[in-house]
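In: Here is my input, please return the structure:
(4 chains)
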2 protein chains.
Amino acid sequence: MLTKKELIEYCRNARENYLPHFSIDCVVFGFHEGIMKVLLLQVKNEGEWYLPGGFMLKKEPIEKAANRILKERTGLDKIFLQQFHVFGDPERSKAHFEMYKDMLPASQNWFTNRFLTIGYYALVDFIYANPTRDVLSVSCTWRDLHDLPELKLDHALILKTALDTLRLQLNYQPIGYNLMPKEFTMPELQKLYETILDKKLDRRNFQRRMLGFGILNRSEQPRKGGAHKAPYLYSFNQENYQAALKEGFKGGW
Amino acid sequence: MLTKKELIEYCRNARENYLPHFSIDCVVFGFHEGIMKVLLLQVKNEGEWYLPGGFMLKKEPIEKAANRILKERTGLDKIFLQQFHVFGDPERSKAHFEMYKDMLPASQNWFTNRFLTIGYYALVDFIYANPTRDVLSVSCTWRDLHDLPELKLDHALILKTALDTLRLQLNYQPIGYNLMPKEFTMPELQKLYETILDKKLDRRNFQRRMLGFGILNRSEQPRKGGAHKAPYLYSFNQENYQAALKEGFKGGW
DNA sequence: TACAATTGTGTCCATAATACACTATGATTT
DNA sequence: AAATCATAGTGTATTATGGACACAATTGTA
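Out: Next comes the predicted model:
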């Protein structure tokens, strides 16, 4: 929670630089070796948590704002980002900023504004991220998807919608380019899918389907030095991968 | 184009009632007997056209605003509406309102605001609609999807995105409830799909797949009086239809 | 009564999805 | 050195699905 002095400064700055009534909230899914986490911030002087988010500069493209916010919270650039929904219930931010409502008259109080939030989800490898809190929080950390704390506002809904959208997206879009190392094995890629979907897949069928998409190149040299049979290494075929991102995988009708 | 007096009044009203920087644009697809049209408005004193749109009241839910806007333009209620994307290029509305920029100082001029627009698409049967122009237009009419005029702003992009989304949606969501009469024949329903996808489908395969979704009830009585073999009548099974809307059709992974 | 137009109902075939088994490799254990 | 274990690669039988296609049934019209 901000002090009155901080609040005044925060609001002055926000009113000067940001587009009013808009916020961006990012559901940042972090993956690594079969673990899936979500980046969350903990509210100052409260137990509750919220999604990384922020506001849009007056002349800033939305996508750029989302990237900037993510850069601030994770230090990462060029990450996979996907706009998925706008949440606009008129009451959605009311309860959240109750605490500030008596400190400043409503006309000057940024937080008493109605906010519509544009939801983005991002996919990153969490070992490369450097979680950094914002001024309203005491900490910024990766939380296990299966053990989420209570979330403020409508952030639980936003998170669930993001996850549903991501899982749906798996059916007709390639993913993984930003999540896998340059070269990876088929079992490693499978683990990513299993983690997102939260279920086991059949090794052999996964491989056949994945290869069928035509977005992988198999390297000549298998990985050496492991404790077991050397697996083949794959990398994404950029050309086909990008094409698949645009076109989607299956015809449907 | 508005006169100066009209503009002043328009801006005063807008500033008082609407949430600044937000607009809603609706891609209204109208269907009837194998024809697919889009509802467009023609700018006053100009040849160009734009999508039906509007603004959000300060305390209005987004969805409600979209419904209100559609009710104003078509007279229709309870239509299928789907939010699909936010368009937020900072320059997107600049050129459009050039004409008003000298009439009022920017601080009072609603139209010199930056607007982000929330895209909705709607599906209606156009014979039930009553197209009604707004104050910025000279006419509001159904235009053939295959013979579209030049569109202002980024409305061509919005329209294309809506169409792409709709076609994708056909793969995992039922549609037609608001577009078909209460009872309809399989060929009639097929025509709707063919119209949306702009391609021919095989009668027999369509029927099999459609029935496989389990969202149709077949009536005992076939339709009488036609010039040919009496077709069976179907209606949507509300329970299954609603469930399919939520759950989606196929498993994928 | 033949015909045209339309609808209903298969059937065959290729492809894709699923379940499942065997072989291969490299390190570790005995 | 042989046995073992964990992991990886590949194949095959079975089932489900999707696409192409043919024929029978019904109804009004020529």
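
In: use CA for all of it now, contacts and neighbours both
Out: Fine.

In: Poorly predicted segments of chain A, please.
Out: A:95, A:225-226, A:251-253 (pLDDT under 70).

In: residues from it in reach of DNA strand C?
Out: A:202, A:204, A:205, A:209, A:224, A:225, A:226, A:227, A:228, A:229, A:230 (CA under 7 Å from any atom of the strand).

In: is it true that the fifth one lies in a helix?
Out: No: according to DSSP: H, G, I helix; E, B strand; the rest coil, residue A:224 belongs to no helix; its state is coil.

In: picking that back up, weed out the non-buried ones from the residues of chain A next to DNA strand C.
Out: Burial by neighbour count, judged by 16 or more other CA atoms under 10 Å in any protein chain shown, picks out nothing from these.

In: Would you mind trimming the residues you listed to those in range of chain B?
Out: The subset of the residues of chain A next to DNA strand C within reach of chain B, by CA under 8 Å from any CA of the partner chain, is empty.

In: and which of the residues you listed is nearest residue A:44?
Out: If you rank these by distance to residue A:44 using CA to CA, residue A:202 comes first, at 44.7 Å.

In: As TSV, the residues of chain A next to DNA strand C with secondary structure would be great.
Out: TSV is the format used below for the residues of chain A next to DNA strand C (three-state DSSP):
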residue	secondary structure
A:202	coil
A:204	helix
A:205	helix
A:209	helix
A:224	coil
A:225	coil
A:226	coil
A:227	coil
A:228	coil
A:229	coil
A:230	coil
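
In: Which members of those residues additionally contact DNA strand D?
Out: Within the set of those, contact with DNA strand D (CA under 7 Å from any atom of the strand) is found for A:204, A:205, A:228, A:229, A:230.

In: Pick out the most distant pair among those residues.
Out: Longest span within those, CA to CA: A:205 and A:228, 21.6 Å.

In: what's residue A:54 sitting at in phi/psi?
Out: phi 170, psi -160 (degrees, to the nearest 10).

In: Make sure it is actually in contact with residue A:24.
Out: Yes: here residue A:54 lies in contact with residue A:24, judged by CA atoms under 8 Å, at a distance of 5.4 Å.

In: Just want to know which of these two has more residues nearby.
Out: Neighbour tally, residue A:54 and residue A:24, criterion other CA atoms under 10 Å in any protein chain shown: the higher count belongs to residue A:24, 24 against 20.

In: Pull the contacting residues for that one.
Out: Neighbouring residues of residue A:24 by CA atoms under 8 Å, 6 or more residues apart in numbering or on different chains: A:53, A:54, A:55, A:56, A:65, A:66, A:117, A:118, A:119, A:120.

In: For burial, what's the neighbour tally of the fifth one?
Out: Spelled out, that is residue A:65. 19.

In: What's the separation between the residue lying closest to it once chain neighbours are set aside and residue B:86?
Out: Excluding the flanking residues, the one nearest residue A:65 by CA to CA, 6 or more residues apart in numbering or on different chains is residue A:56, at 5.5 Å. Per CA to CA, to the nearest Å, residue A:56 is found 14 Å from residue B:86.

In: Show me what from the stretch 101-250 of chain A comes close to DNA strand D.
Out: Residues of the stretch 101-250 of chain A lying near DNA strand D (CA under 7 Å from any atom of the strand): A:185-188, A:203-205, A:228-233.

In: can you give me the helices in the stretch 51-200 of chain A?
Out: Using DSSP state H, counting those that start in this stretch, the helices of the stretch 51-200 of chain A run over A:62-74, A:155-169, A:186-197.

In: re the thing from before, quick one: which of residue A:56 and residue B:86 has more around it?
Out: Between residue A:56 and residue B:86, counting by other CA under 10 Å, residue A:56 is the more crowded of the two (24 against 21).

In: Report the beta-bridge partners for residue A:141.
Out: Residue A:141 has these beta-bridge partners by DSSP bridges: residue A:40.

In: Confirm for me that it is in contact with residue A:37.
Out: No: applying CA under 8 Å, one finds residue A:141 not in contact with residue A:37, separated by 9.3 Å.

In: tell me, what residue is most central in chain A?
Out: Relative to the mean C-alpha position of chain A, the nearest C-alpha, by CA atoms, centre = their mean, is the one of residue A:28, at 2.0 Å.
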